[in-house]
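Q: Here you go, sequence then predicted model.
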Amino acid sequence: MKTLEGNTRLAFLFFFASHIPATLCIDLQALFPNLYHQKLKDLLLWYTDIFNDELMRGPHDTWFRAIVCGEFFFQLPFFFVAVKVLLNTNNYNGKGWFRSACMLYGAHTSTTLIPILACHCANEGATFVEKVMVISIYFPYLCFPLWLAYIGVVSEDVFGNTNTKND
């Protein structure tokens, strides 16, 4: 679990691959609501109603839109890169730029989740069960980035390779 090998690699591959459509179809509605088809708007409305996610229900506070901007400009491109690299780990150096990118992504993303989770905990309009449900939805988006940052920090090569490969 200290390197991106085996089941750990597969877990991260699934995490990043599944995060691409979630970001494109749901999260970015906070920035570009008029660009979305009504069915996707309805999906977001259904989600916010069922789970009482006040952050994803408009209007969006400036701080939240700023976090989503970071997701759009920094995280979303990294998702595509991570999927490509994790599908082809034999072609990449786990000591180079990808290791650095993992640490940057992990630190950035996990710190954005702190105010988001705090808002959900403080949501006075939500029941305890709603808070637990919505926090459990967001929690993997804290755990995986923290885990990835940890891997980058403690592993000289995030893929566990002992030989040198070209970047």
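A: Structure's in. What do you need?

Q: In which helix or strand does the residue nearest to residue 157 when sequence neighbours are not counted reside?
A: Spatial nearest neighbour of residue 157, excluding adjacent residues (CB to CB, 6 or more residues apart in numbering): residue 94 at 3.8 Å. Any C-beta I mention is one placed from the backbone N, CA and C, and that applies to glycine too. Assigning secondary structure by DSSP states H and E places residue 94 outside every helix and strand.

Q: How about the contacts made by residue 94?
A: Applying CB atoms under 8 Å, 6 or more residues apart in numbering to residue 94 gives the contacts 3-4, 155, 157-161, 165.

Q: how much space between it and residue 67?
A: Distance of residue 94 to residue 67, given as CB to CB, to the nearest Å: 29 Å.

Q: Relative to residue 159, how far out is the residue nearest to residue 157?
A: 4 Å.

Q: Overlap of the contact sets of those two?
A: Common contact partners of residue 94 and residue 159 (CB under 8 Å, 6+ apart): 3-4.

Q: surely residue 57 meets residue 46?
A: No: using CB atoms under 8 Å, residue 57 is not in contact with residue 46; the gap is 11.3 Å.

Q: So between those two, which is more surrounded?
A: residue 57 (15 against 10; other CB atoms under 10 Å).
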